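J.: sequence and predicted structure, then a few things I'm wondering about:
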Amino acid sequence: MPRQRSREKGVYERKRKCVACDGAGKIERRKCSECGGDGLIGTGVFMIDYLDAEHVRHRETIGTRALAEKVLAQKRTQVAEGRHFPRRERITLDEAMHRYVMGAGLGKLSHKDDENFCRLWSAQFGGKYIDRITTAHVERARNQWAQEFAKNTVNKRMSFLRRVLNVMIRDGLLTANPVAQVKFYRDEAASIPRWLDHAEESAIRAQFMVAGKNLWHIVEVAILTGMRQAEQFTLRWPQINFGTNLITLPRTKSGKARHIPMHARVREIMANLKLRAASEWVFSMPDGGPRNGRAFYRRHFMPAVAAAGLAPPVRPQEKKRPGDPRRPTVNNSPRQRRPINWHTCRHTTASRLVMAGVDLRTVMEIMGHTTLAITQRYAHLAPKHVDDAINRISGAPVDHAD
């Protein structure tokens with residue numbers, strides 16, 4: 001960073017060298033530190049030294065004295081008129097993503113997802129300077145991914161890059177975000193949440209019973225509380241209050257705390273787990289450590305979904321990794337129901353609350369949605385309030401028997 005001083009040096013000639021020792025010594029007070037000689041000659045190259053509006057010193061090598069004086073006059077005019085913008089530091093996308101992950105993105109619940117996005121974008125153009133990335137580059141990557149992945153997956157990758165570059169704009173390292181001009185895919189299926197009906201839930205539960213590992217209660221808690229995967233599998237016993245009948249999540253995706261009232265069945269499950277608790281973790285492994293949510297999803301939940309006949313067929317080349325039994329085929333058609341995943345349990349919670357007649361504002365508070373617009377995705381499951389509103393025109397009662 002340029003040093004801050006109070007006085008300008010103006011135009012000056014670049015440091016001269018000692019003729020006697022051929023520039024071996026350092027010039028100090030017009031004397032050579034090596035031989036003490038004063039036979040100094042000029043380099044003929046002139047520099048300018050000036051302060052900007054914030055009194056930060058800038059130095060530039062120009063050339064001849066006449067040109068240096070002219071450039072210095074221009075710089076002083078720019079500073080006086082507020083038009084002086086120093087040259088920006090240039091960084092690559094890899095460096096920008098590292099700054100974001102270690103800065104603005106540090107501590108996020110989705111930190112691991114961000115690291116994965118970094119690897120994906122680095123493979124595209126990680127070594128390219130961020131000011132050289134164009135909208136065409138981003139669109140090319142978007143179109144390539146759209147051939148292999150669901151539209152919502154592509155949109156998430158694009159959103160990550162947009163966030164990174166917005167932070168770089170905030171830090172003065174970039175002037176415009178190339179992702180701002182890229183059109184995101186409209187995933188109509190994503191706007192209609194995939195939730196489990198009671199028949200599907202029973203089919204999955206039956207497969208857990210067949211497996212005989214007594215792990216269904218983990219899925220049941222997810223369905224009855226609406227907790228996200230990371231929230232549920234990092235749950236500790238101090239967060240469970242049987243006196244107030246509340247589960248407290250001190251830090252959620254939005255960064256705020258959330259309190260979830262316990263369903264009678266959830267309270268029963270928690271009481272049973274408390275009796276045989278061997279560690280601070282609510283959902284723990286036999287050795288006392290926390291259970292890995294992603295491993296549970298991969299090894300227990302998705303095999304049960306597949307065994308219940310609720311997962312689309314998977315070709316071997318589409319598997320994420322050996323041992324991952326189900327990666328749904330890409331389906332961008334809104335007419336077909338979306339594949340089941342762990343977040344489907346959370347959608348099921350919100351959907352059943354709305355279908356039970358709970359108002360959207362209350363559902364928003366229970367689910368921890370940041371805006372009512374997110375909760376509105378479930379509004380189509382509760383047409384009763386729409387019927388009541390329109391029939392208030394005539395005051396006629398509404399028959400919901402159908």
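T.: Received it, and whenever you're ready, just let me know what you need.
J.: what residues are up against the closest residue to residue 154 other than its chain neighbours?
T.: Leaving out its chain neighbours, the residue that sits closest to residue 154 by Cβ to Cβ, 6 or more residues apart in numbering is residue 145, at 4.7 Å. C-beta: built from backbone N, CA, C; applies to glycine. Contact partners of residue 145, counting by Cβ atoms under 8 Å, 6 or more residues apart in numbering, are 153, 154, 157.
J.: in what helix or strand does residue 145 lie?
T.: Using DSSP states H and E, residue 145 maps to helix 135-146.
J.: mind listing what's buried in that helix?
T.: The neighbour-count check on helix 135-146 (16 or more other Cβ atoms under 10 Å) flags 138, 139, 141, 142, 145, 146 as buried.
J.: can I get those in CSV including pLDDT?
T.: Below are the buried residues of helix 135-146 laid out as CSV (pLDDT from 0 to 100):
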residue, pLDDT
138, 93
139, 93
141, 93
142, 93
145, 92
146, 90
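J.: quick check: mean pLDDT across the lengthiest helix in the chain?
T.: Of all the elements of type helix in the chain, the one with the most residues (DSSP state H) is helix 151-170. Here helix 151-170 scores 91 as its mean pLDDT.
J.: what comes into contact with the helix or strand just after that helix?
T.: For helix 151-170, the following helix or strand on the C-terminal side (DSSP H and E) is helix 198-211. The contact list for helix 198-211, computed with Cβ under 8 Å, 6+ apart, reads 196, 215-216, 219-220, 223, 300, 303-305, 307-310, 340, 348.
J.: only whichever of those residues are buried, select them in PyMOL.
T.: Buried members of these, defined by 16+ other Cβ under 10 Å, are picked up in PyMOL with:
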select buried, resi 196+215+216+219+220+223+300+303+304+305+307+308+310+340+348
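J.: looking at the contacts of helix 198-211, which are in helices?
T.: Among the contacts of helix 198-211, the residues falling in helices (DSSP H) are 216, 219, 220, 223, 303, 304, 305, 307, 348.
J.: ok now do the first one, which residues does it touch?
T.: This means residue 216. Taking Cβ under 8 Å, 6+ apart, we find residue 216 in contact with 205, 208, 209.
J.: pull the CA atoms of stretch 112-122 into CSV?
T.: The C-alpha trace of stretch 112-122 is given here as CSV (Å, rounded to 0.1, in the frame of the first residue of the first chain):
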residue,chain,number,x,y,z
LYS,A,112,-18.1,-26.9,2.5
ASP,A,113,-20.4,-26.1,-0.4
ASP,A,114,-18.5,-22.9,-1.1
GLU,A,115,-15.2,-24.9,-1.2
ASN,A,116,-16.8,-27.2,-3.8
PHE,A,117,-17.9,-24.2,-5.9
CYS,A,118,-14.4,-22.9,-5.7
ARG,A,119,-13.0,-26.1,-7.3
LEU,A,120,-15.7,-26.0,-10.0
TRP,A,121,-15.0,-22.4,-11.0
SER,A,122,-11.2,-22.9,-10.7
